[in-house]
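S.K.: everything below, folded, please.
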Amino acid sequence: MVRWAIILAVIALIAALLGFGGIAGLTADIAVILLIVAAVLFVVGFFLGRRPKV
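M.R.: Modelled structure (predicted):
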């Protein structure tokens, strides 16, 4: 998911350089959302994956 966020950020940068402001803004927003979702999933997995076996 982080890979997709990085790819979309690069696409947003290229689109911004070429003058496509709407597409650049949209892909940048999607990249930010994917990064937030990835961070939340990482934190949840970190805390739930470290349970001691009884």
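
S.K.: next secondary structure element downstream of the helix or strand harbouring residue 8?
M.R.: Residue 8 is located in helix 2-18, with elements delineated by DSSP states H and E. Where DSSP H and E defines the elements, the next helix or strand beyond helix 2-18 is helix 21-48.

S.K.: show me what that next one is packed against.
M.R.: Packing partners of helix 21-48 (3 or more Cβ pairs under 8 Å, 6 or more residues apart in numbering; DSSP states H and E): helix 2-18. C-betas here are computed from N, CA, C, even on glycine.

S.K.: which ones are touching the nearest residue to residue 35 once chain neighbours are set aside?
M.R.: Closest residue to residue 35 apart from its sequence neighbours, by Cβ to Cβ, 6 or more residues apart in numbering: residue 5 at 4.6 Å. The contact partners of residue 5, taken as Cβ atoms under 8 Å, 6 or more residues apart in numbering, are 31, 32, 34, 35, 38.

S.K.: counting neighbours, what do you get for the last one?
M.R.: Translated: residue 38. 15 (other Cβ atoms under 10 Å).

S.K.: test my guess that it contacts residue 6.
M.R.: No. With contact defined as Cβ atoms under 8 Å, residue 38 does not reach residue 6; the gap is 10.5 Å.

S.K.: from memory residue 4 sits against residue 33, does it?
M.R.: No. Assessed by Cβ under 8 Å, residue 4 is found out of contact with residue 33, at 10.6 Å.

S.K.: helix/strand/coil for residue 51?
M.R.: Under DSSP: H, G, I helix; E, B strand; the rest coil, residue 51 falls in the coil class.

S.K.: dihedrals phi and psi, it?
M.R.: Here is the backbone geometry of residue 51 (degrees, to the nearest 10): phi -80, psi 140.

S.K.: for it, grab the count of nearby residues.
M.R.: Counted with other Cβ under 10 Å, the neighbours of residue 51 add up to 7.
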